[in-house]
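In: I need the structure of the sequence given here:
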Amino acid sequence: MELTLIKTRTFKLEPYGKFKISMARHPKKSPNIIDFRELTIDFGTSMPFTEEQEKEVVKLMKKHKTDILTDGSYFGFYTRTGAGLCHVAHPYLVKYREDECFKEMVDNTYQ
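Out: Take a look at the predicted model:
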């Protein structure tokens, strides 16, 4: 039996904060830097991009200086990985929404 399955989902994504995901061994301590090893990535939610879609997502992220996008839901955070667009979680992402002082620190930190 030959079977072709395709996942389709429509996202309405917006930039979220000015977060930078760092893969450095010892990333500098800053409210806008998320250590990759501390980021929870749900690869089961990965959605592959077309080349054109990936270019648009990268363009949006660069324009707003962030590695995180949101769909507007409370825990709806996403980033780009080798597998495509993946749902992610990190305490900083919720703290950014709930703590106005933290939000200002993230948005006013130079990258």
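
In: quick one: low-confidence ranges for this structure?
Out: Along the chain, segments meeting pLDDT under 70 span 110-111.

In: Mind jotting down where the helices sit in it?
Out: If DSSP state H is used as the criterion, the helices of the chain fall at 51-64, 91-98, 100-107.

In: In a markdown table: the ones you listed, plus distance to residue 38 and mean neighbour count.
Out: Where you see a C-beta, it was placed from the backbone N, CA and C, and this is true even at glycine. Shown next, in a markdown table, are the helices of the chain (distance: least, C-beta to C-beta, whole Å; neighbours: other C-beta atoms under 10 Å):
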| stretch | distance to residue 38 | mean neighbour count |
| --- | --- | --- |
| helix 51-64 | 20 | 12 |
| helix 91-98 | 8 | 16 |
| helix 100-107 | 16 | 14 |
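
In: okay if I get the ones you listed as JSON lines plus distance to residue 32?
Out: Formatted as JSON lines, those follow (distance: least, C-beta to C-beta, whole Å):
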{"stretch": "helix 51-64", "distance to residue 32": "12"}
{"stretch": "helix 91-98", "distance to residue 32": "8"}
{"stretch": "helix 100-107", "distance to residue 32": "5"}
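
In: what's the closest of those helices to residue 30?
Out: Closest of the helices of the chain to residue 30 is helix 100-107, at 8.5 Å (criterion: C-beta to C-beta).

In: Who are the packing partners of that closest one?
Out: helix 91-98 (3 or more C-beta pairs under 8 Å, 6 or more residues apart in numbering; DSSP states H and E).
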